[in-house]
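K.L.:
Could you look at this predicted model? Sequence included:
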Amino acid sequence: DALAIDGVAVLGASVSASQASQIKAGGQMPIVMADLDHAGQGLIDAALVHGWRVAFPHADGWWESDVKDVAEAARRYGQLYALRAIVGSSTASPALIAAKRMMFVR
């Protein structure tokens, strides 16, 4: 998925202390785009711990409900639109993250 948008992957459902340190050293505000399944919850939890943004393009109507991940969104809509949807639907608000994850995580 990360390759589809020139992003960074942690290759799992959690973020290690070393990974978090390397991500923070990049100097950018990370946006977590977790899969909408049980495994993706670990990445959302890590985002909350580290104060990172979380994207929910399905919740904000950017992507159709049958789009299962970033790679599929990039194939269907194009890389630029998929990335714009991630940025445009991202939030750092714990309250919004909690509400959106309850609505859209399968």
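P.N.:
Cool, the structure landed.

K.L.:
OK, contacts around the closest residue to Gly12 other than its chain neighbours?
P.N.:
Of all residues beyond its chain neighbours, the one nearest Gly12 is Gly42 (7.8 Å), with distances taken as CB to CB, 6 or more residues apart in numbering. C-beta here means a position set from N, CA and C on the backbone, and glycine is covered the same way. Contacts for Gly42 (CB atoms under 8 Å, 6 or more residues apart in numbering) come out as Gly12, Ala13, Ser14, Val15, Ala34.

K.L.:
swap in Met29?
P.N.:
Counted by CB under 8 Å, 6+ apart, Met29 has contacts Trp52, Arg53, Ala92.

K.L.:
name the element it belongs to?
P.N.:
Under the criterion DSSP states H and E, no helix or strand holds Met29.

K.L.:
phi, psi of the residue lying closest to His50 once chain neighbours are set aside?
P.N.:
Distances taken as CB to CB, 6+ apart put Ala20 closest to His50, at 5.7 Å, once the chain neighbours are dropped. Torsion angles at Ala20 (phi, psi; degrees, to the nearest 10) stand at phi -60, psi -40.

K.L.:
Lys100 versus Ala20, what's the distance?
P.N.:
To Lys100, Ala20 is 22 Å away according to CB to CB, to the nearest Å.

K.L.:
Many thanks, have a good one.
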